[in-house]
Each structure stands twice: as structure tokens, then as C-alpha cells.
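A.B. asks: What would the 3D arrangement of this be:
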Amino acid sequence: MNQNTLSLSGQVAVVTGSSSGIGRACAIYLAALGAKIVVNYASNREEGQETVDHILQQGGAAHLVQADVSKEQDVQNLFLEAIQHYGRVDILVNNAGLQKDAPFLEMTLAQWERVIGVNLTGQFLCAREAARLFIKQAEADPKAAIGKMVMMSSVHDIIPWAGHVNYAASKGGVHMLMKTLSQELAPYKIRVNAVSPGAIQTSINEAVWSDPEKYQELLKLIPYKRIGTAEDVAKAVAWLCSDESDYVNGETMYIDGGMTLYPEFADNG
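C.D. replies: Model prediction:
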């Protein structure tokens with residue numbers, strides 16, 4: 001995607017979990033398109049500041065805010081600070097997420113609740129605050145969407161993943177959260193979509209892509225025969241945030257190199 005074909009100039013984007021990985025890539029890419037970014041981190045301020053510094057060095061605008069998206073008060077403070085700093089919010093990239101992996105028979109309630117709390121409840125809380133704000137600040141008779149949300153899901157919203165039941169359940173929940181919100185909020189001219197990344201080269205799965213043998217095994221699951229980059233996801237997010245996609249609502253874009261195409265059946269199964 002050529003950045004020159006898109007513009008988010010004058011818009012403000014809250015990108016949750018943007019201190020690293022896909023969230024950081026989204027924040028940097030949207031800033032390059034002219035958006036003012038609210039960079040969010042949960043606990044690692046240094047990493048969050050690195051994202052801000054990168055954007056500022058590229059001539060963009062960014063403001064750092066701490067918030068644990070699983071906590072209602074934190075989410076309310078996140079959007080309040082966004083308004084205090086920039087005056088409005090036009091885009092929510094609902095990205096914050098984590099894994100706490102364990103075999104199902106050994107998984108603790110704490111592991112289950114933490115992943116559901118951040119990955120699903122966190123997206124609910126942020127979407128609710130954003131929607132209320134979009135409606136409050138909307139102009140009369142808008143020509144395009146008054147606000148855009150992109151929910152970060154995963155190929156595991158449709159691919160089962162043994163040993164990661166909390167994560168897979170959270171992403172399945174995000175899938176229907178997005179669709180239901182898009183249905184309910186469309187009359188307000190709020191667009192809600194999702195992206196579902198496959199195997200993306202980030203620190204969360206470095207143990208796989210940094211090991212040549214494990215990497216080759218991973219490629220068997222990807223018809224396109226390469227692992228994705230965080231920028232691959234950011235480009236799709238940017239398009240969904242732009243007016244170029246104004247008639248797209250309630251859709252999920254799978255950014256996976258074909259991982260969801262049942263590659264095991266490529267040779268007659």
C-alpha cells in the first residue's frame with residue numbers, strides 16, 4: 001500500500017498496546033499518514049516512550065498514556081487524557097492483547113481471567129468509550145464515518161489452538177463483539193472492522209521464527225511461504241481507518257499469507 005494514497009491528516013488515533021509489536025507498527029504507520037497518536041502501554045513505560053520517540057523523530061505527533069485496558073477506570077482515563085491533549089478522538093485501534101499459555105487441564109482461573117480480561121473485556125471497554133465519544137463530538141450530516149474502530153483479532157478466531165484455549169476463546173469473542181458492534185453502531189455512522197493476523201514476526205513468537213528448524217515447520221502452515229511483518233498488519237489497519245474503506249463495515253481481514261486456507265489439503269489432503 002502506498003502511503004501517499006491515504007491521508008489521516010488532522011485525525012486522532014488511540015492505539016492500545018502500542019508500546020511494542022503490532023501495536024507499535026500501527027501507531028508509527030498511522031502517524032506517517034498524518035494522524036496524531038495516543039500511544040498506550042500497560043506496564044513498560046520505556047517501550048511506550050520508544051514508540052513516541054520514533055514518531056516524533058519522523059515529524060509526527062504522539063502522546064504517551066499508561067492504562068491497563070482490562071480496568072474500566074484506566075480506560076476512562078485513557079480517553080479523558082486523549083481529549084485533554086488533542087481535543088478529540090477519531091480512530092480506535094483496539095490492539096492490546098496478551099497470552100498466558102497452558103494445557104487446558106492445567107490452566108488456572110487466573111490465567112483464563114487475565115487473558116479474557118485484556119483481550120476481550122479490554123476491547124469492550126475501549127470500544128464503548130470510543131463510541132460514546134464519537135457520538136458526542138459528531139458533526140451534523142457527516143460525509144463519512146464519524147469514527148472508526150479496528151479490533152485486533154487473530155486467525156485463532158476461527159482456527160482452534162490447543163494449549164491456548166483462553167487466547168482462542170478471547171479472539172473468537174472479539175470476532176462476534178466486532179460484528180455485533182458494527183451492526184449496532186452503523187446507524188450512527190461508526191464503522192467497526194477487524195484484522196486477524198496469522199504468524200507475524202514479533203517478540204511474542206521469537207522462539208519460533210528465530211529457530212531455523214521451527215521456522216521451516218511454521219512455513220508449512222503458510223501457503224505464501226513467509227512469515228508476516230507487523231507492518232503488513234499496520235497497512236491493513238490504516239486502510240480500514242481511512243475514508244478509502246468508508247463502505248466497509250463488520251468485516252474481518254485475515255492478514256495471514258493464506259494460513260486459514262487449510263494448507264494441509266493443498267495436495268489432496
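A.B. asks: Hmm, Trp239 and Ser245 touching each other?
C.D. replies: Yes. Because the distance of 5.5 Å satisfies CB atoms under 8 Å, Ser245 is recorded as touching Trp239. (Glycine included, C-beta is placed from N, CA and C.)
A.B. asks: what residues are shared contacts of the two?
C.D. replies: With contacts defined as CB atoms under 8 Å, 6 or more residues apart in numbering, no residue is adjacent to both Ser245 and Trp239.
A.B. asks: And the helix or strand in which Ser182 is found, what's buried?
C.D. replies: According to DSSP states H and E, Ser182 maps onto helix 165-185. For helix 165-185, the buried set under the neighbour-count rule, 16 or more other CB atoms under 10 Å, comprises 165-175, 177-179, 181-182, 185.
A.B. asks: list the contacts for Phe138?
C.D. replies: Quick fix: residue 138 reads Ala, not Phe. Contact analysis of Ala138 by CB under 8 Å, 6+ apart lists 146-147, 188-189.
A.B. asks: out of these, which are buried?
C.D. replies: Judged by 16+ other CB under 10 Å, buried ones among these: 146-147, 189.
A.B. asks: Against Trp209, how distant is Gly228?
C.D. replies: Distance of Gly228 to Trp209, given as CB to CB, to the nearest Å: 10 Å.
A.B. asks: next one: Ala234
C.D. replies: Taking CB to CB, one finds Ala234 at 18 Å from Trp209.
A.B. asks: Same check on Ile222?
C.D. replies: 11 Å.
A.B. asks: shared neighbours of these two, which are they?
C.D. replies: Residues touching both Ile222 and Trp209 (CB under 8 Å, 6+ apart): Ala199.
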